[in-house]
Each structure stands twice: as structure tokens, then as C-alpha cells.
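Engineer: Generate a structure from the sequence data that follows.
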Amino acid sequence: MKNIFSGPYPSNKLLLLYFFVLCVSAFFCITTSVADDSEIILTPDVVGMTVSDAVQAFKEAGFTNNPIIETDTLVTAQNPLAGTEVSADEICTISTNTDKISGSGPVPNPFLASSLYAITHFDPSQSDSTPYGPPKGEFIIDTTTMPIVYAGPVNIITLASVNKDYMWGVSSSRVSYLYISEGELTETAGYEALEDVTGGLVKAVPKENFQAFAQDTAVGMNTETMNTQLMELLGEEYAQMFGNGIYSVVDDENILYTNFGSNLYAFALTDPENPAAGITPRYRINDIITAIQGTDHPEKVRLFGLSMTYDGRLIVTFSNGIAVINRDLDIATALFYQLADDEYVSNSIAVDENNGIYIASDKTMRKLVWTGTAISDAESDGAWSCPYTYSTQPPIIKVGIGTGSTPTLMGFGDDDRLVVITDGAQQMNLIAFWRDEIPEGYERIAGQVPVTCGFITLPDWIQSEQSVVVSGYGAFVVNNMPSTVPDDLIGKNNLLQVSLMGPAYETSYGVERFEWNTNTKEWSSVWNRPDVSSTSMVPIHSDSGNMAIVNGYRPINGWEIIGLDWDTGETIHQTIFGDLNGGNGAYAILQYLEDGDALFNSFAGPTRINYNTN
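Structural biologist: Numbering: from 1, shown residues only. The predicted structure follows:
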């Protein structure tokens with residue numbers, strides 16, 4: 001069963017309420033007739049209501065034969081939209097998510113375009129867990145024959161749209177609107193955002209240049225030859241592309257919020273009824289750092305993350321704090337909370353259904369609270385802060401001396417409610433913090449465990465630039481540090497490093513799966529794989545495949561996707577790309593679509609992989 005209202009890739013636990021007949025299955029569906037044949041009725045606005053209140057709202061609007069339902073599950077979408085005139089033969093539908101009842105997943109934010117893929121890291125909890133996944137088995141894929149929309153060099157995530165037939169593409173240089181129905185992946189509209197933000201000083205990269213890179217290989221190259229190639233293909237200032245469009249959000253009005261440079265954009269379709277008419281910046285804030293923090297803001301402040309409160313306001317994460325602002329980007333509505341001068345944030349944030357905002361600097365883990373009128377750090381509002389271990393700047397891939405993780409929420413029912421990160425120790429630890437009240441006899445850090453990845457002799461560094469993948473009380477982490485790093489890679493820009501690790505220089509190895517025990521209140525290691533490579537792509541969890549999935553490079557196969565059984569660590573899926581650069585998922589997130597196709601956000605652009613044809 002498919003939710004046709006809250007985006008293209010809903011949870012497989014969605015309940016659909018069809019007002020005509022009551023059905024109960026893995027989801028439950030409720031339907032009732034709308035009114036008598038002669039009446040024309042306006043649909044009420046029920047998004048954000050509980051199901052019980054939504055049913056009552058339809059009844060009060062004149063709809064008849066409504067079932068009696070008592071549940072506090074929130075409505076996330078409706079069809080037709082509020083204010084639409086409907087006749088008696090119209091079937092009105094509302095959609096929500098049973099995760100609120102089962103406690104197994106985050107509460108959907110009704111102001112996002114979808115409960116899945118409308119925000120970087122998939123959902124407000126930043127779980128990187130998707131209901132979809134690949135088939136078991138080994139598949140050899142020629143990326144040059146797969147549908148691709150050329151863009152880059154980092155294509156962090158392809159985001160959900162309110163229209164299930166389309167998705168938003170976001171890269172380091174541009175945004176696009178992509179048609180994804182019927183197995184296709186084609187660009188319907190595009191906007192050269194980097195060219196816009198630089199006033200034309202940085203020209204749009206021709207798509208042929210991304211194609212040329214995808215069909216080449218880094219095997220046999222070094223920093224000098226690769227740097228020359230990247231400058232020729234992407235421009236002499238290609239290193240400055242890194243950081244654009246990394247954390248993005250699509251709201252329930254199909255507006256895409258993302259950053260290019262220090263400018264914050266809200267992109268919309270020029271004509272929603274005709275996507276091919278183009279993409280338009282509906283709102284924008286030029287130099288949002290100065291606009292919000294003033295001209296005396298600290299040096300080297302960067303714009304990092306975006307998220308959404310559960311009352312529909314945009315959260316903007318800076319390297320030195322966060323701001324909350326209305327979605328029309330009216331600067332007069334912005335409120336800013338600044339961190340201590342010696343702290344630096346290099347990741348995004350997680351948000352819970354009570355507007356708790358979880359942000360990790362390079363030294364301190366915090367919960368701030370959006371009260372509806374202020375960003376609070378008061379304990380009386382549920383806020384807290386807790387220091388954690390940090391060390392020094394790693395030689396490669398990772399940014400900063402502290403955590404490389406965007407915080408991830410774990411636990412959504414009546415059991416332990418946690419927020420998890422990896423710390424900044426040279427041999428990192430997985431840490432769980434109580435995210436609400438601390439149980440009696442415990443401290444804010446609920447538990448921590450060393451990450452070894454199963455290495456017999458521990459290397460100098462075990463560190464990650466990736467968020468912790470969470471499903472239920474299971475957690476999965478990867479090591480992004482090679483055991484040795486040659487001098488000519490140290491200190492080079494991130495894009496140069498990530499284009500060479502694996503094919504030309506030693507890459508990173510090691511992954512580990514943990515489980516939090518709600519009875520003993522402690523972590524345990526479930527399995528580890530020191531032989532698995534995860535270079536820089538964000539790992540994910542597939543619910544349908546029961547897999548942890550990574551992208552890396554190993555000499556035997558070249559670039560590959562590996563699916564590891566969530567319970568045992570056994571390799572149960574392989575997508576083998578070979579040596580071509582099109583198999584490098586540089587800093588991006590791997591996705592799967594409802595039909596099982598992979599949406600591989602490669603260095604050269606999102607690529608659709610259909611396993612049924614291989």
C-alpha cells in the first residue's frame with residue numbers, strides 16, 4: 001500500500017485513513033463517504049491535528065458517516081488540500097504514521113514534504129534508515145549505462161517532493177527537479193545556484209565535464225594529476241564548492257531550503273502545474289551570517305545545517321550557534337542562540353516532536369528547546385549540555401577535533417529515549433546521552449563503548465565523519481581513517497582527498513554494529529567487519545533488506561556497495577561498480593526507492609540502478 005500524499009517514499013508503516021470503509025492490515029485504513037450527492041463542501045485543514053480531531057473536523061465540515069477513531073497520532077498530509085471544493089463522490093484521505101503508536105520511529109513532522117527523504121539524513125531524527133533496499137545477491141553494474149542526472153561534485157541527497165513523481169536534486173553547484181516515475185530519472189528543471197551566488201564569477205560546470213569524470217578512473221593518479229584534472233573539469237576554484245547544499249529541507253509547500261556560500265535560498269517551482277517552466281528562488285537571504293549575527297560576528301563562521309521545528313519554522317545551524325526563522329525568511333523573525341567562543345559545530349542537528357534541538361559542537365553535546373517564542377537552554381524547559389571527549393584534527397576526510405556525527409535520536413516509545421554520537425577521541429567511542437530526564441542513579445551520558453571495528457592491532461586513528469545509523473536500539477558506525485596517510489594527501493582539500501582514496505591511495509576499512517540494552521542500560525558490540533571499506537559516503541540501514549549498507553573501494557572489486565546482514569554482519573548484497581569514478585559516492589547519502597532501485601548519489605550526479613535488468 002502506498003501513501004500518495006506525503007511524498008514519494010513514505011514509511012511502510014503508514015496508516016491511510018480513507019473515508020469510506022474500515023480496513024485493518026499491516027497498516028490500517030479507514031474510509032467513509034463524504035456527503036450527499038448535491039452538496040459541495042470545503043475540505044478542512046487537518047494537517048498537524050490528531051486523527052481524532054481530524055475526523056471531528058471532517059464531520060463538522062459536513063461530511064457524513066465518519067468512523068469513531070480515538071488516537072493521538074498526528075495527521076501528516078491530506079488530499080484534497082484544505083479549502084478545496086469537493087462533491088459527494090469525492091474520497092478525502094488523510095495520512096499519518098503508526099510509528100507514533102508503536103514507538104519504533106520518529107514522529108513525522110507535518111511541515112516536511114514527506115516523512116522520508118525530505119531532509120538530509122532522511123528524517124528529523126537523522127536516522128539514515130529507509131524502509132526500502134536492494135535485493136540479496138551480487139550485481140555487476142556498469143554505471144555508464146544507468147540513468148544519471150549530471151551534477152556535483154557532492155550530491156548529498158535527492159530530496160522528496162510533495163509530488164511522488166518528482167524529487168529535488170541538490171549538489172555543490174546547482175539544484176534540479178527530477179522526474180522519477182516509471183523507472184525514469186530525468187531532469188525536468190534546473191537552477192545554476194553557484195553561478196547565481198557568485199554573480200557569474202563561477203560559471204556553471206558543463207554536464208559533459210561531470211560525465212567525463214564519471215567515465216574516468218583515479219587508478220594510477222596522484223594529488224598533482226588529479227588536482228589538475230579537477231581544475232580543468234570543475235574550475236580552478238573547485239575546492240570552494242565543498243559545503244554548498246550539504247544540509248537541505250523540503251517543506252509541505254514543496255519549497256526547497258538550502259545554502260550556497262553564505263546565502264540561504266528557498267527554491268520553488270516557477271509554475272507548480274508545469275515543473276518544466278523552471279525553478280525560482282522564492283525567498284533568499286544574502287550573507288545570512290551577517291544578516292542574523294551582525295557585522296561583528298566572529299571570523300570564519302560557516303553555515304552548516306538546516307532542519308524544521310514541529311510548528312513549521314526553519315532552523316539554521318551555524319558553526320557557532322543556531323537560529324530559528326519563519327519560512328518566508330523574514331529576517332525580522334529570526335532568533336539566534338550563540339555557543340561559547342571556543343566551540344565549533346561542523347554538522348547538522350536532530351529535532352524531536354517536542355521541539356528539542358540536539359546539537360553537538362566539537363566539545364559539548366547540547367539539547368536546546370524551541371518554546372515557540374525563544375530558543376531556550378533552561379533546565380526548566382528540558383534543555384541540557386554535556387561535555388564529551390575530543391582530541392586533535394585527523395589527517396584526512398574528517399572535519400574538526402570533536403564528533404563527526406550529526407546527532408541521531410534513538411528510542412521513541414516508553415523505553416529509553418537517547419541521542420547518540422561518536423566522540424572525537426583518536427580511537428572513537430559510541431556515546432548515548434539521555435535526551436530527557438536522567439533516570440535515578442545515572443548521569444547524562446547513559447553509556448559509551450569503544451569502537452574497534454574488530455582490528456587485532458588498533459590503528460592510530462579510528463574516526464568517522466558520518467552520523468550513527470540507527471534502527472530501533474541498533475546502531476551502526478564506520479571508520480573513515482586509513483591506517484596510513486601519505487604526506488602528499490595531508491592538508492589537501494576534501495574533494496581532492498575523496499577522489500583519490502581507494503583507487504590511488506590506501507582507503508579506510510572497518511565497520512561495527514552495536515545494540516543498546518534497555519534492561520541493563522549499556523551498549524554491546526553485535527558484530528564487526530575490519531575488511532569492509534567505507535570511504536566517505538554516509539552509510540544507511542535498509543528495513544526491508546535488514547541490512548547495513550556502505551559504499552567503499554576495495555582492490556578486488558573497485559568501487560562497490562556492500563549490504564551487511566543487520567543481525568550477523570554477513571555480506572548479503574554487493575553492487576560492484578569497478579574502478580570508474582561513477583562508483584564514488586563522495587560525502588553523499590545512499591538511497592533506495594520504493595521499487596527497490598538504488599538512487600546512488602555519486603560524485604558526478606544521482607544515478608538510478610535497476611537491479612531487475614542485471
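Engineer: So R327 sits against R313, correct?
Structural biologist: Yes: assessed by C-beta atoms under 8 Å, R327 is found in contact with R313 at 6.8 Å. The way it works is simple: take the backbone N, C-alpha and C, and place the C-beta from them, glycine included.
Engineer: If you average the pLDDT over stretch 545-552, what comes out?
Structural biologist: Average pLDDT, stretch 545-552: 97.
Engineer: Give me the contacts around it.
Structural biologist: Outside of stretch 545-552, the residues within contact range by C-beta atoms under 8 Å, 6 or more residues apart in numbering are 133-136, 469, 476, 478, 502, 507-509, 511, 513, 532-535, 537, 539-542, 559-567, 572-573, 583-585, 590, 600.
Engineer: how about the helices in the protein?
Structural biologist: 51-60, 99-102, 193-197, 207-214, 223-234, 288-293, 494-500 (DSSP state H).
Engineer: Quick one, which of those gets closest to W461.
Structural biologist: Distance to W461, taken as C-beta to C-beta, is lowest for helix 494-500 among the helices of the chain, at 14.3 Å.
Engineer: Report the contact partners of V197.
Structural biologist: 260-261, 263.
Engineer: any idea how far it is from P503?
Structural biologist: Using C-beta to C-beta, to the nearest Å, one obtains 32 Å as the distance from V197 to P503.
Engineer: mind listing what A340 touches?
Structural biologist: Going by C-beta under 8 Å, 6+ apart, the list of residues near A340 reads 361, 364.
Engineer: do A239 as well
Structural biologist: Counting by C-beta under 8 Å, 6+ apart, A239 has contacts 493-496.
Engineer: before we move on, the earlier item: just the buried ones from the contacts of stretch 545-552?
Structural biologist: 133-134, 469, 476, 478, 502, 507-509, 511, 513, 532-535, 537, 539-542, 559-566, 572-573, 583-585, 590, 600 (16 or more other C-beta atoms under 10 Å).
Engineer: for the contacts of A239, which one is nearest N429?
Structural biologist: Of those, the one sitting nearest to N429 (C-beta to C-beta) turns out to be N494, at 24.3 Å.
Engineer: Let me know how buried that closest one is, in neighbour terms.
Structural biologist: If you count neighbours by other C-beta atoms under 10 Å, N494 ends up with 20.
Engineer: swap in E39?
Structural biologist: Neighbours of E39 (other C-beta under 10 Å): 13.
Engineer: With F63 as the reference, measure out to it.
Structural biologist: The value you get for E39 to F63, if C-beta to C-beta is used, is 9 Å.
Engineer: what's the answer for G474, then?
Structural biologist: Shown here: G474 relative to F63, a distance of 43 Å by C-beta to C-beta.
Engineer: Same drill for these two, tell me which one is more crowded.
Structural biologist: F63 (23 against 18).
Engineer: In this structure the more buried one contacts I41, no?
Structural biologist: Yes: under the criterion of C-beta under 8 Å, F63 makes contact with I41 at 6.6 Å.
Engineer: which residues touch F210?
Structural biologist: 150-153, 233, 604-605.
Engineer: Sort out for me which of the residues you listed are in strands.
Structural biologist: Here DSSP state E is the test, and those give G605 as lying in strands.
Engineer: Among the contacts of F210, which one lies nearest to E192?
Structural biologist: Out of the contacts of F210, the member with the shortest distance to E192 (by C-beta to C-beta) is A151, at 10.2 Å.
Engineer: What separation do you get for that closest one and T228?
Structural biologist: 22 Å.
Engineer: And for I180, nearest residue in space, chain neighbours not counted?
Structural biologist: M167 (5.3 Å; C-beta to C-beta, 6 or more residues apart in numbering).
Engineer: does the one you found have beta-bridge partners, and which?
Structural biologist: Beta-bridge pairing of M167 under DSSP bridges involves A160, L178.
Engineer: Which two among the contacts of A239 are spaced furthest apart?
Structural biologist: Farthest pair in the contacts of A239 (C-beta to C-beta) is N494 and L496. Separation: 7.4 Å.
Engineer: Need the worst-confidence member of the contacts of V197.
Structural biologist: Scoring the contacts of V197 by pLDDT puts G261 last, at 89.
Engineer: who's in contact with that residue?
Structural biologist: Here G261 is in contact with 194, 197-198, 244 (C-beta under 8 Å, 6+ apart).
Engineer: can you pull the contacts of S127?
Structural biologist: The contact partners of S127, by C-beta under 8 Å, 6+ apart, come to 105-106, 121, 408-409, 469-471, 541.
Engineer: hmm, 7 Å instead?
Structural biologist: Contacts here follow C-beta atoms under 7 Å, 6 or more residues apart in numbering; on that basis S127 touches 106, 408, 470.
Engineer: Find me the pLDDT at the first one, would you?
Structural biologist: This points to P106. At P106, pLDDT is 92.
Engineer: That one: what's its closest spatial neighbour, skipping adjacent residues?
Structural biologist: S125 (3.8 Å).
Engineer: per-residue confidence at that neighbour?
Structural biologist: For S125, the pLDDT comes out at 97.
Engineer: cool, F27 as well?
Structural biologist: What the model reports for F27 is a pLDDT of 34.
Engineer: Also G245?
Structural biologist: 88.
Engineer: sorry, back to before: just checking, which of the contacts of stretch 545-552 belong to strands?
Structural biologist: If you go by DSSP E, the contacts of stretch 545-552 have 469, 476, 478, 511, 513, 540-542, 559-565, 572-573, 600 in strands.
Engineer: what's around the nearest residue to S307 once chain neighbours are set aside, how many residues?
Structural biologist: Of all residues not flanking S307 in the chain, I315 sits nearest, at 4.5 Å (C-beta to C-beta, 6+ apart). Number of residues near I315 (other C-beta under 10 Å) recorded here: 23.
Engineer: pretty sure I315 contacts R327?
Structural biologist: No: the criterion here is C-beta atoms under 7 Å, and I315 misses it with R327 at 10.8 Å.
Engineer: Quick check: which ranges of the stretch 101-250 of the chain have low pLDDT?
Structural biologist: 101-104 (pLDDT under 70).
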